[in-house]
Structure formats: structure tokens, C-alpha cells
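**Q** Predicted coordinates and the sequence they were generated for:
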Amino acid sequence: MDFELPESHRALKASLKDFCERKVKPYAREWDKDEKFPMEVVRELGQLGVLGMLVAEEYGGAAMDSLAVAVAVEEIARHDGSLALTVASHNGLGTSHIRVFGNDAQKRKYLPKLASGEWLGAWGLTEPGSGSDASGLKTTAVRKGDKWILNGAKMFITQGTVGHVFVVLALTTPEKRQKGITAFILEKGLPGFSQRPIHGKLGMRSSDTAELILEGVEVPDSQRLGELDHGFIDTLKILDKGRITIGALAVGLGRGAMEESVRYARERTAFGQPIAEFQGLRWMFADMKTEIDAARLLVHRSAWMADSGQPYTQAASMAKLFASEAAMRACNKAVQIHGGYGYTREFPVERYLRDAKLCEIGEGTSEIQRSIIAREIFKG
Amino acid sequence: MKILVTAKRVEDPESKIKVKPDGSGIVQEGLKYKINPFDEIGVEEGLRLAAKHGGEVVVVSIGGKEVQEQLRHALAMGAHRAVWVNHTGTLDQLALAGLLQKVAEKEKPDMVILGKQSIDDDQNQVGQYLAEFLGWSQATFASKVESLESEQEKNKVPALQVGADGKTVRVVREVDNGLATLECALPAVVTTDLRLNLPRYASLPGIMKAKSKPIEELTPEKLGVDVTPKIQVLKMSSPPPRKAGIKVPDVATLVDKLRNEAKAV
């Protein structure tokens, strides 16, 4: 057993630490307040290779692994959950679907620009009427000669307005339900394809979210991604890996909330001593530290399982479930430790708490994770 | 052109430095390390020069196996290859300069760039010794006229200006009363000040490529340098803790205290 990160991963962590302290930390509060998507910083992350972490070198990527994505996303989330979500979803969903299931022509066309950040990727599965029951989607794609005509709507799509490349799931053989779903690649600007920005989110406010509306969107068959009617099975594989990353995001938020609280508790005095001296608060810190470390171990183990070719569905769900709930507990404690100040925007912990809530919902709710974990226990 | 740049391993300035109770050094347990920030500026300048004029950046570090981490960092930033002088134990500034002299004589660079000082001991001597040992021209505290927010900086234009014939370098130096400009014959030794450039972050592809870049191992014996220290550190101690200040009720009392107690006005 060796719990040390490989040297390249340590270097990645160090590089992103410096980057985030200079370019993210000072601005995250304003971005959150104004719901501003920090395009310039996202582009800079693209230049650093953070938007093509899993993409092969021949397509301009960094050819790293799931562990590297977890390390990077944690480091960014430590300062800004929204930016971490942008990085996580761009790498893990849209780009990965093309990377894993695209044909050569599609990979050549899309991956270099996605990896450099010139184009941002989005991924459309959830619909206004279907979330956890993802296979209940209603968007349709009907074949007309060599073309497909898509109609429907997609909800809560990350990078929905800033994205350029959209992977969208649609029913191609409705009577076969989840075995009749196919993925398509859409580009922004297609006639009939529009985006409606969603504002007023509780957290992750500087991450871009939109509803996608498809009204008779026409694409050639060459935009079909993966096998016909195979889209849902492919989707489950993409989601498994995405969950590791959301787990890492939660770890970053929990760690950030704890580090801020340590600093605060050392400086803030009450009853004539720093509040860090009070046992009641020290026990909160002990729980935070223990749970965040445990969460990180689950996240890194699931990443290692994915990277070494083992089945990791259950491990990824456990990592996401535990990490997001541990992050919620840690952020809640952090606000409590900060008292009245914690309830204001003057300190970042209230933002961490709002951002952490997303981790219990996005890319599979905690209830879905429990269902998956239990299903795997009783399988076979 | 060929540029040799140093990459010293130093304590991370964010670490809390504690002196050992017996005063024999600092507590190393739990400390984090990174490349000397002034050396990192040197690597950045070397990379910009190599991008503009073509050529190669060779990075050198002296120390135990752990200094490879700093070499890999410089390689991840884009340096082409590395030289590691393997030595554990104390080295004084003369020994360091002596080792660098031999590496420079072996590599024959057009320029050696070092940090003006390393942020551990803050000695500010090695660059000057090295220039003397090599008999080369030197320009210390290299800086630039343009600000770190300027277009030149954003476009990663090198601040060190190599002459059209490739035989000289023009260096803007930070001095007490402003900036001084020197023209040096190449080969030269240049030491970097803080405002020379903003070093790039190591990119992910850079980090991956750095894994396969070569690190050549040398030793003081192979280089034929006697590194027996001529300087001995007798004792280290923490600076005395600052005394608490006092509060004065009004400006008049403040002026009075400044005049009569502190004798500052």
C-alpha cells in the first residue's frame, strides 16, 4: 500500500494551488454574487491543459487519468465550487462522451478544441420532466433520409449557454425505452437549437446553467455519437466516472470550509481566549478532518479502480455519496463556527455550504447513489 | 543560444519555520519545499529567450535526490533537460559557485541565470562568485522598465535583450535609486530580481512531458570540486518576539512620545 500521490499528480496539485490562489481566490466571491461565468480564467485553465486532462496527446490533451482529474477538481473547489464544476463537467461529461464513444472523425473534429478550451463542452441528459429517472426522457430524434430531426428540451445543463459543443440524448426507438436512446453532437447556432439561461441558483452561481430547447433541429447522421440505440448504456459509463469527480469537488469544498474555519477559530476570541481552545469546537474540527480525509480516500480509491481497469460503479457511488454528505456536514459546521459572520458574504463559508448542496443532487442524487450501492451488494 | 538556469530547493515560504531547540538548524519535519522563487523567474526568462532566439534551457540543481522535484518542476515549465549535482550535506556559497563553475564549463552556455538570492539563507553571493570564477561579465538584480501588467509581459517578451550579433546582452538592473542599464559581453552571468517577469504555471501536458526529459547525474567528485565548507554555522536562533505596542489617547500624546521618548521627530 502506498497513499502517496505520484510525482506528476503532486506537480499538478502544486501548479493549480498557485494558479487558484492568484487567479481564483480573490475573485470567487464576486463571481458568485454577480452570477458571472469567469470566461477568461476558464480559458487560462484551458491553456494549462486542465480542460483536456483525459484527452489523448494526439488530440492535444494531457493524457492524464481519473486520479489527476480528482486532484485538480479538489484543488479548484477548495476556492471556488462553481469553477470546479465547470472543469468537472467539461472534462467528465461532454468531452468524455466524445472521447470514449466518438468515431475518429468526431474525435479529430471536436477533441482538440475541447481540450484547449477554445470550445466548452456540455452534456444534455436531464429534462424538465425527468431527472433521476433519466431513461424517462422525452426528447426525440426521428430519422429522415441521412438526417435526424430532434425535438424536445433539456434541463439544468451545465455550460448550457457558454458551451459550444453539446452531447444530447434522445429517443430514437421510443418503444424500446432505455434501449432506444441515442447520443447526438449538436453545435451552438444550429437552426431550432436555443438556450435559455437559468438564474437564481442557490449555489454554484458562477457555473453556467441553462435549459436547451430543440425545435426541429436537423443534424446529419455523422453527428450521431456511438451506436444507434446504445446511448443510455454509454451514458451510465460516463456518469460513473463523473461521480468520482463530483466526490472530489465535495472534498475540495469541505477542505476549504475547514481551512477557513481553522484560521477563524485561531483569531476569533470569546470569553478571553481564541475559540479554537474550546473543546466543543475542537470536536467539530476533529469530525470535519476525519470525514474529509475519509471522503478523499474513497474518491482516490474509486479513481484508482477506474484507472486500473477494475469495475468501479459501486466505489464511485460510495465516494460521491459520502463525500457530498461529509462536505455538507463540514460546511454546516464551518458556518456555525463562524457564527454571525459565517452567515454573511464577508466570509466564504456560506458560499461553500450553498455550493456543497449541489453535490448531493447533481450527477445522481444521494438517493440514487444509495440505490446503486445497494443494487451492487445484492447483484447476482 | 544555450542558457543554464539554477533551480534551488528551498522551504516553502508558506511553511512555518521553527528553529531546533539546540540551535543546530531548523525543524525540517512537516516542511514543504519548492523551487526558489527567484530561480523560477530565471527559468521563465530562460524559456522566453529560448523561444525568441532558439536554443536550449538547461536547468541545474545541487542537493540530494529530493532536488529532482525542483528540476522536474522546471522541466514541466518547459526547460529542455536537467543536470543534478548529487550531494547531501552542507554546502557554502563558495562550494556552490565552484560546482556551478564546473557545470558551466562543461555545458558552455551563452548565459547562466540565477536567482539574485535564495529565500532560505538570503546570502546573495553565488551569482557574483560564479561570474568571478568563470571570468565572465555579470549583471545582478535583473529587472525591467515595463510593469508586470504590461503588454510585453502578457506576450512573454524576454526582458533581457540579446544583441543582433548574439554577442552581448542588455540588462536593466534594479538599484537603490532606480534602474540602471548595462550591456554585457556574452557569455555572462545574470541574477534575477523580483520584477523581471511573472513565471508561467506548469501546464498539465508540460508535467507529463517532463517525466521523460533527461536528468544527468553528476557529483562533486566527478566535477573535481572540493566542497569542504569554509564557513560554519555556529548557532541559529529565532528573532526575539515583538513586544506589544501601546495605544495613545490622542495625536498630541503621539507627537509628544515620538519627540521625547522615541526621539523620532
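**A** Noted; the coordinates are in hand.
**Q** wait, what's in contact with whatever residue of the stretch 1-150 of chain B ends up closest to chain A?
**A** Here the residue of the stretch 1-150 of chain B nearest chain A is B:Ala76; by CB to the nearest CB that distance is 5.7 Å. Backbone N, C-alpha and C define where each C-beta goes, glycine included. Counting by CB atoms under 8 Å, 6 or more residues apart in numbering or on different chains, B:Ala76 makes contact with A:11, A:15, B:202-203, B:206-207, B:209-210.
**Q** mind running it again at 10 Å?
**A** For B:Ala76, the contact set (CB atoms under 10 Å, 6 or more residues apart in numbering or on different chains) comprises A:8, A:11-12, A:14-15, B:200-211, B:213.
**Q** Next: A:Gln178.
**A** A:133-137, A:171, A:229, A:231-233, A:235-236.
**Q** Of the residues you listed, keep whichever come out buried.
**A** The neighbour-count test (16 or more other CB atoms under 10 Å in any protein chain shown) marks A:134-135, A:137, A:171, A:229, A:231-232, A:235 as buried among the contacts of A:Gln178.
**Q** tell me which element B:Val169 is part of?
**A** B:Val169 belongs to strand B:168-175 when assigned by DSSP states H and E.
**Q** Can you name the residues in contact with that strand?
**A** By CB under 10 Å, 6+ apart, strand B:168-175 touches B:1, B:49, B:110-111, B:116, B:137-146, B:158-163, B:179-188, B:190-196.
**Q** tell me which residues of that strand are tucked away?
**A** If you call a residue buried by 16+ other CB under 10 Å, then strand B:168-175 has these buried ones: B:168-169, B:171-174.
**Q** what's the answer for stretch A:366-380, then?
**A** Buried-residue list, stretch A:366-380, by 16+ other CB under 10 Å: A:366, A:368-369, A:372-373.
**Q** can you list those in CSV and add distance to chain B?
**A** Compiled in CSV, those are given as follows (distance: CB to the nearest CB, whole Å):
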residue, distance to chain B
A:Ser366, 31
A:Ile368, 31
A:Gln369, 29
A:Ile372, 31
A:Ile373, 32
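**Q** In chain B, what residue comes closest to chain A?
**A** B:Leu204 (3.2 Å).
**Q** Quick check, that residue in contact with A:Val50.
**A** Yes. Between B:Leu204 and A:Val50 there is a contact at 6.3 Å, judged by CB atoms under 10 Å.
**Q** re earlier: tell me the neighbouring strands of the strand holding B:Val169, and mark each as parallel or antiparallel.
**A** strand B:137-143 (antiparallel), strand B:161-162 (antiparallel), strand B:178-185 (antiparallel) (DSSP bridges).
**Q** Packed most tightly, which of those strands would that be?
**A** strand B:137-143 (a mean of 21; mean count of other CB atoms under 10 Å in any protein chain shown).
**Q** Tell me the buried residues in the very next helix or strand once past it?
**A** The helix or strand immediately downstream of strand B:137-143 is helix B:151-154, counting by DSSP H and E. Buried residues in helix B:151-154, counted by 16+ other CB under 10 Å: B:Glu153.
**Q** Spell out which residues of the stretch 51-200 of chain B are next to chain A.
**A** Contact residues (CB under 10 Å from any CB of the partner chain) of the stretch 51-200 of chain B with chain A: B:68-69, B:72-73, B:75-77, B:198-200.
**Q** again, only this time at 6 Å
**A** Within the stretch 51-200 of chain B, the positions near chain A by CB under 6 Å from any CB of the partner chain are B:Ala76.
**Q** Helices of chain A, start to end?
**A** For chain A, the helices defined by DSSP state H occupy A:7-23, A:28-34, A:39-47, A:66-77, A:81-89, A:95-101, A:104-116, A:231-267, A:279-307, A:313-342, A:349-359, A:366-377.
**Q** Which pLDDT value belongs to the closest residue to B:Ala264 other than its chain neighbours?
**A** In space, and not counting its chain neighbours, B:Ala264 is closest to B:Leu258: 4.8 Å by CB to CB, 6 or more residues apart in numbering or on different chains. We have a pLDDT of 91 for B:Leu258.
**Q** what do you get for the one 4 residues further on?
**A** Note for B:Ala262: predicted pLDDT of 85.
**Q** Same check on B:Trp84?
**A** Looking at B:Trp84, its pLDDT stands at 98.
**Q** Taking the stretch 51-200 of chain A, what residue is nearest to chain B?
**A** A:Ala62 (3.5 Å).
**Q** show me the contacts for that residue.
**A** A:Ala62 makes contact with A:49, A:52-53, B:204-205, B:208, according to CB atoms under 6 Å, 6 or more residues apart in numbering or on different chains.
**Q** Which residue is the nearest non-sequential neighbour of B:Leu4?
**A** B:Pro109 is the one closest to B:Leu4 (CB to CB, 6+ apart), at 4.0 Å.
**Q** I'd guessed the one you found sits against B:Met1; true?
**A** No. With contact taken as CB atoms under 6 Å, B:Pro109 and B:Met1 are classed as non-touching, separated by 7.9 Å.
**Q** So between these two, which is more surrounded?
**A** Taking neighbours as other CB atoms under 10 Å in any protein chain shown, B:Pro109 and B:Met1 compare with B:Pro109 leading, 25 against 19.
**Q** Which strand or helix spans the more buried one?
**A** Assigned by DSSP H and E, B:Pro109 belongs to no helix or strand.
**Q** Could you check how far it is from B:Val103?
**A** Counting by CB to CB, to the nearest Å, the gap from B:Pro109 to B:Val103 is 9 Å.
**Q** Show me what from the stretch 51-200 of chain A comes close to chain B.
**A** Counting by CB under 6 Å from any CB, the residues of the stretch 51-200 of chain A close to chain B are A:Ala62.
**Q** just how off-centre is the longest helix anywhere in chain B within its chain?
**A** In chain B, with assignment by DSSP H, the single longest helix is helix B:37-53. In terms of CA atoms, centre = their mean, to the nearest Å, the centre of helix B:37-53 is found 12 Å from the chain centre.
**Q** Now do it against strand B:137-143, angle only.
**A** For helix B:37-53 against strand B:137-143, the angle by axes from the mean of the first three to the mean of the last three CA atoms, to 10 degrees is 110 degrees.
**Q** okay, the residue lying farthest from the centre of chain A: pLDDT?
**A** Most distant residue from the mean C-alpha position of chain A: A:Gly272, 43.5 Å away (CA atoms, centre = their mean). At A:Gly272, the pLDDT value in this model is 94.
**Q** rewinding a little: quick one: list the elements packing against whichever strand or helix holds the residue nearest to B:Ala264.
**A** Assigned by DSSP H and E, B:Leu258 falls within helix B:251-260. Here helix B:251-260 touches no other helix or strand, going by 3 or more CB pairs under 6 Å, 6 or more residues apart in numbering or on different chains; DSSP states H and E.
**Q** TSV please, covering the contacts of A:Ala62 and showing pLDDT, neighbour count and distance to A:Glu74.
**A** Output for those, formatted as TSV (pLDDT from 0 to 100; neighbours: other CB atoms under 10 Å in any protein chain shown; distance: CB to CB, whole Å):
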residue	pLDDT	neighbour count	distance to A:Glu74
A:Gly49	95	28	17
A:Gly52	96	29	19
A:Met53	95	27	13
B:Leu204	93	28	15
B:Pro205	91	20	20
B:Met208	92	20	19
